[in-house]
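Undergrad: Let's see this in three dimensions:
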Amino acid sequence: MTSPDIRVLTDPRREAWGTDGPRPIVTYVWPPDTATTSGTVLLSHGTGGCALDLSWLAEPLATAGLRVIGVDHHGNNYRSGYHAEGFARWWDRPQDLSVVLDHLADGGPIGVAGFSLGGYTAAAVLGARINADLFGAIATGRATVPLPPEYPTLIDELTDRIGIDDIAAWITESGGDYADRRVTAGLLICPAQGQLLTSASLRGITTPVSIWWTGEDDQTPAETNALHYASLIPGATAHCADLSAGHYVFVRDMPDADRIRTRLAAAAVTFFRKQLTA
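TA: Reported below is the predicted structural model:
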């Protein structure tokens, strides 16, 4: 399998964190191995990760004739660096995927897949919306959530530089609709933020959705995340990738990781080839 082509896009509507200029969107394009493509699949990585973490999924999809485009979400990936805002403004992520489509869509059918916070991102592209009241409670300190292990100083940094007016604007933005109607199918792997989304928005998703979870996930427990999504999204299917595996089996070297990833990748190929048939 050849390495993906790397291209840096920008979104002039949003500023980069920690420097002047527009928001950068680093993309990785795995071209299909076949003469004709069966569609495009967008990939969204987990908190603090990068698109290459999902090469195990991208490569089989490309081998099966799908064009795959992964994104490094600015401020929330280890390749270009962390910024507190990149860990707090989850709704920037689905907008990144829409910018990718604005620049790189080829007119064919489009799906989306994501892991962990990338699972939320995929759902947001399909229509899931954050409950702004709940986000507001977190942003103003009236409610607490566990800090991401990749960024333990998140709250301290945001408190030092984010003012009241900025917080108010963030709360309003958090509840926005970031769906992209060009995307017609989604695969969610151990998706996050299940309890922070509106039930109405999940019930309003009309595209086919396949959801995967693991039995020992201590980061996004299935009961309040994957299975919660599945219980509300009409027609969604839920699958256990492995009862004894944890959250990070999809991005770290662990016993049985290859077997579990291979099984899920094969299921993803079947799902997207069926759903993205033009």
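
Undergrad: Just the residues contacting stretch 4-24, thanks.
TA: Under the contact criterion CB atoms under 8 Å, 6 or more residues apart in numbering, stretch 4-24 has outside partners 25-31, 52, 58, 68, 70, 74-75, 80-81, 83, 85-86, 92, 95-96, 99-100, 103-104. C-beta coordinates here come from the backbone N, C-alpha and C atoms, glycine included.

Undergrad: Pick out the residue closest to the middle of this protein.
TA: Nearest to the mean C-alpha position of the chain, by CA atoms, centre = their mean, lies G118 at 1.8 Å.

Undergrad: list the contacts for it?
TA: G118 touches 43-46, 49, 54, 93, 189, counting by CB under 8 Å, 6+ apart.

Undergrad: which SS class is it?
TA: helix (DSSP: H, G, I helix; E, B strand; the rest coil).

Undergrad: beta partners of the nearest residue to it once chain neighbours are set aside?
TA: Among residues not flanking G118 along the chain, S44 sits closest, at 3.4 Å (CB to CB, 6 or more residues apart in numbering). Counting by DSSP bridges, S44 is bridged to V71, G114.

Undergrad: Run through the strands of the stretch 1-150 of the chain in chain order.
TA: 5-15, 22-30, 40-44, 67-72, 76-77, 81-82, 110-115 (DSSP state E, counting those that start in this stretch).

Undergrad: Starting from the helix or strand bottoming out on mean pLDDT in the chain, tell me the next helix or strand along the chain.
TA: Every helix and strand of the chain was ranked by mean pLDDT, DSSP states H and E. The lowest is helix 154-161, at a mean of 88. Going down the chain from helix 154-161, the next helix or strand is helix 164-174, by DSSP states H and E.

Undergrad: Can you list the strands that the following helix or strand past that next one pairs with?
TA: The first helix or strand that comes after helix 164-174 along the chain, using DSSP H and E, is strand 183-189. For strand 183-189, the paired strands and their directions (DSSP bridges) are strand 110-115 (parallel), strand 209-214 (parallel).

Undergrad: mind checking how far strand 183-189 is from the chain centre?
TA: Taking CA atoms, centre = their mean, to the nearest Å, the mean C-alpha location of strand 183-189 is offset from the chain mean by 10 Å.

Undergrad: swap in stretch 135-146?
TA: Centroid displacement of stretch 135-146 relative to its chain, using CA atoms, centre = their mean, is 22 Å.

Undergrad: For it, give the mean pLDDT please.
TA: For stretch 135-146, mean pLDDT rounds to 90.

Undergrad: Tell me which residues of it come out buried.
TA: 135-139 (16 or more other CB atoms under 10 Å).

Undergrad: Just the CA trace of that stretch, in PDB.
TA: The C-alpha trace of stretch 135-146 is given here as PDB (Å, rounded to 0.1, in the frame of the first residue of the first chain):
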ATOM      1  CA  PHE A 135     -21.700  22.700  27.300                       C
ATOM      2  CA  GLY A 136     -22.400  26.000  29.000                       C
ATOM      3  CA  ALA A 137     -22.500  24.300  32.400                       C
ATOM      4  CA  ILE A 138     -19.100  22.800  31.800                       C
ATOM      5  CA  ALA A 139     -17.600  26.000  30.300                       C
ATOM      6  CA  THR A 140     -18.700  28.100  33.300                       C
ATOM      7  CA  GLY A 141     -17.600  25.600  35.900                       C
ATOM      8  CA  ARG A 142     -21.200  24.600  37.000                       C
ATOM      9  CA  ALA A 143     -20.500  21.000  35.900                       C
ATOM     10  CA  THR A 144     -17.300  19.000  35.600                       C
ATOM     11  CA  VAL A 145     -16.200  16.300  33.200                       C
ATOM     12  CA  PRO A 146     -13.000  14.300  33.300                       C
END
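
Undergrad: Identify the residues contacting it?
TA: 88, 134, 167, 170-171, 174-175, 196.

Undergrad: Any regions of this protein where pLDDT drops low?
TA: 1, 278 (pLDDT under 70).
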